[in-house]
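Peer 1: got a sequence here, can you build the structure:
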Amino acid sequence: MIKTIKSEERHHANFGWLDTHWHFSFDSYYDPANTNWGALRVFNDDIVEPGQGFGMHPHRDMEIVTYVLAGELEHQDSTGNRGIIHPGEVQVMSAGSGIRHSEYNHSKKTPVHFMQIWIFPRKKGSKPRWEQHQFTPSERKGKLLPIVTGGELAGTLTIDQDAQIYVAALPAGSTVEHQTKPHRKTYLFAIEAEIAVNGVKLLGGDQARIADESGLSIVAAKDSEIILLDLPEQQT
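Peer 2: Numbers count the residues shown, from 1 in each chain. Next up, the predicted model:
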């Protein structure tokens, strides 16, 4: 089963300083039929204006992954971590027993475009943790590059969940394959793309929620950037 949601069907909100698309119920947007996809709870596609951002606020018991597409995002948190996330860089914050953090556009001139992904953890009350890593365009060219896992794969950032996140830069005419295990769900977002997933077409901003497919064949009709999540069915 491949369910597609077109870019224009996503929930859109523009607060002036923040232009965002929320793929699942979040903040003031609530749809009881759209709260999660397996262990995936939040997928936000955010553009923040120069010098603007999210002030210090709390989280707990959530694995939060941030992937910057353009610009620079500055992170600070209550455990003393501070960093600037650049394009192609990935940050993981395990909120665990509780953490406060802020996120601001580091630039005073250009917007920052990033995706924030929340995944339910396997266990609650863990010690909060933070890390980030740069992945280069050449590393993801023509293949699904794992960037986040449950700790089973060296060179990836770690979350407390049996989930994997991949990114890919697919040249026009290329194909990548992804195999999934039974009782898993897959989530694919076409960042900038014209692709077909098992023959189902997706354009930039489109998403696919996938279940009961033993394998995926992703064909790029033009140069494309995608992100793919392999997830357990469980919600919590």
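
Peer 1: beta partners for the residue nearest the centre of the chain?
Peer 2: With distances taken as C-alpha atoms, centre = their mean, residue 117 lies nearest the centre of the chain, 4.2 Å away. Legend: beta-bridge partners of residue 117 under DSSP bridges are residue 43, residue 65.

Peer 1: which parts of this protein are helices?
Peer 2: If DSSP state H is used as the criterion, the helices of the chain fall at 137-140.

Peer 1: residue 126 touches residue 98, doesn't it?
Peer 2: No - applying C-beta atoms under 8 Å, one finds residue 126 not in contact with residue 98, separated by 10.4 Å. To be clear about C-beta, it is placed using only N, CA and C from the backbone, and glycine gets the same treatment.

Peer 1: now stretch 55-71, how far from the centre of its chain.
Peer 2: 10 Å (C-alpha atoms, centre = their mean, to the nearest Å).

Peer 1: can you tell me the average pLDDT over that stretch?
Peer 2: Averaged across stretch 55-71, the pLDDT comes to 94.

Peer 1: report the contact partners of the nearest residue to residue 79 once chain neighbours are set aside.
Peer 2: Excluding its sequence neighbours, the residue lying closest to residue 79 (C-beta to C-beta, 6 or more residues apart in numbering) is residue 128, at 5.7 Å. Going by C-beta atoms under 8 Å, 6 or more residues apart in numbering, residue 128 touches 77, 79, 93, 94, 95, 96, 97, 98, 99.

Peer 1: distance of residue 128 relative to residue 55?
Peer 2: 18 Å (C-beta to C-beta, to the nearest Å).

Peer 1: what's the answer for residue 202, then?
Peer 2: 35 Å.

Peer 1: same check on residue 184?
Peer 2: Distance from residue 184 to residue 55, by C-beta to C-beta: 37 Å.

Peer 1: repeat that for residue 22.
Peer 2: 19 Å.

Peer 1: those two - which one has more neighbours?
Peer 2: residue 22 (20 against 9; other C-beta atoms under 10 Å).

Peer 1: and for residue 130, the neighbour number?
Peer 2: Count around residue 130 with other C-beta under 10 Å applied: 19.

Peer 1: now do the contacts for it.
Peer 2: 75, 77, 79, 81, 91, 92, 93, 94.

Peer 1: could you find the closest non-adjacent residue to the fourth one?
Peer 2: The shortest distance from residue 81 to any non-neighbouring residue, by C-beta to C-beta, 6+ apart, is to residue 130 (4.4 Å).

Peer 1: equivalent analysis for residue 156, please.
Peer 2: residue 149 (4.5 Å).

Peer 1: surely that neighbour is in contact with residue 164?
Peer 2: Yes - the criterion here is C-beta under 8 Å, and residue 149 meets it with residue 164 at 5.0 Å.

Peer 1: quick one, domains of this protein?
Peer 2: By the assignment in automatic domain parsing, the chain contains the domains 8-135, 138-232.

Peer 1: tabulate these (JSON lines), appending distance to residue 2.
Peer 2: Formatted as JSON lines, those follow (distance: least, C-beta to C-beta, whole Å):
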{"stretch": "domain 8-135", "distance to residue 2": "12"}
{"stretch": "domain 138-232", "distance to residue 2": "5"}
